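Peer 1: Got a sequence here, can you build the structure:
(one chain, ligands or ions: 2)
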Amino acid sequence: MGKNHNISDLQLHTGVEAVRCYQCGKCSAGCVLASEMNFPPSYLMRLLQTGTKENYDKILFSNTIWLCLNCENCLGRCPMEIDIPKMMDYLRTQSVKENKLHPDSKPILAFHRSFLDSIKYTGRLYEVGLVAAFKFRTFRLAQDLAIAPVMYLKGKLHIFPEKFNDRRRMKRIFAQTIENAKTDNQ
Ligand code: SF4
Ligand code: SF4
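Peer 2: Ligands and ions are numbered 1, 2, ... in the order given. So this is what the prediction gives:
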């Protein structure tokens, strides 16, 4: 089992010092999704602290990083103020980058991408576009189709997106965000 530098990379890119965790378990006790996760946040911290590639891969392949809602309950409860949500963001990025995705992550990732596309092209959340893109990405074509007419009749769905004039600005924001992410990962 070879040691690696993943824990120092994580610290470099996020400022989070996983070594400061002393396994009190308060984060896991307060995490609403801990019971659904492959392992809870405190266990993830311990895996990180071991510094082995095997355990780091275990984290990247887990559903834990994808089920995390970034609700910050763990951060609020942690006596060491360890920013687990920030760390989860980084780990998700690494999981995509290294193509080590848990099967549960695929629809979540498809949703994230569809959401961002909606913002990028329409300037706000355009529900019909978001759902169509999500279904296309996940092949869940028939799922929840029956509720669409009800939502439409209640005025919750708009067939066309609202007018959006500042596409160039939005494009710049996305381009800048991608540049920032590249710099952060160097
Ligand atoms: S931020 Fe994630 S890990 Fe922390 S409590 Fe919320 S869901 Fe759990
Ligand atoms: S609450 Fe903080 S110190 Fe306690 S186990 Fe979780 S990360 Fe570690």
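
Peer 1: residues in contact with the nearest residue to Leu130 once chain neighbours are set aside?
Peer 2: Leaving aside its sequence neighbours, Leu130 sits nearest to Ser118 (Cβ to Cβ, 6 or more residues apart in numbering; 4.6 Å). Placement of C-beta: from N, CA and C, glycine included. Shown in contact with Ser118 (Cβ atoms under 8 Å, 6 or more residues apart in numbering): Arg124, Leu125, Tyr126, Gly129, Leu130, Ala133.

Peer 1: how about the nearest residue to the last one, chain neighbours excluded?
Peer 2: Closest residue in space to Ala133, ignoring its immediate chain neighbours: Ser114 at 3.8 Å, by Cβ to Cβ, 6+ apart.

Peer 1: now stretch 82-95: how far from the chain's centre is it?
Peer 2: A distance of 8 Å separates the centroid of the chain from that of stretch 82-95, by Cα atoms, centre = their mean, to the nearest Å.

Peer 1: can you give me the helices for the chain?
Peer 2: Residue ranges of the helices in the chain, as given by DSSP state H, are 6-14, 26-30, 41-50, 53-60, 64-67, 73-77, 84-97, 105-122, 127-138, 147-153, 167-184.

Peer 1: mean pLDDT lowest for which of the ones you listed?
Peer 2: Sorting these by mean pLDDT places helix 147-153 lowest, at a mean of 78.

Peer 1: Write the PyMOL selection for whichever of the contacts of Ser118 are buried.
Peer 2: For the buried members of these, the matching PyMOL selection, counting by 16 or more other Cβ atoms under 10 Å, is:
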select buried, resi 126+129+130+133
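
Peer 1: ok, back up a step: kindly reformat the helices of the chain as TSV containing distance to Phe160.
Peer 2: As requested, the helices of the chain are arranged in TSV below (distance: least, Cβ to Cβ, whole Å):
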stretch	distance to Phe160
helix 6-14	40
helix 26-30	43
helix 41-50	42
helix 53-60	40
helix 64-67	32
helix 73-77	39
helix 84-97	32
helix 105-122	10
helix 127-138	8
helix 147-153	12
helix 167-184	16
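
Peer 1: can you tell which of these is closest to Ile159?
Peer 2: Proximity to Ile159, assessed across these by Cβ to Cβ, is greatest for helix 127-138 (6.3 Å).

Peer 1: Show me what the closest one is packed against.
Peer 2: Where contact means 3 or more Cβ pairs under 8 Å, 6 or more residues apart in numbering; DSSP states H and E, helix 127-138 is packed against helix 105-122.

Peer 1: do the helix it packs on and ligand 1 meet at all?
Peer 2: No: Helix 105-122 does not reach ligand 1 (Cβ under 6 Å from any ligand atom); its nearest approach is 12.8 Å.
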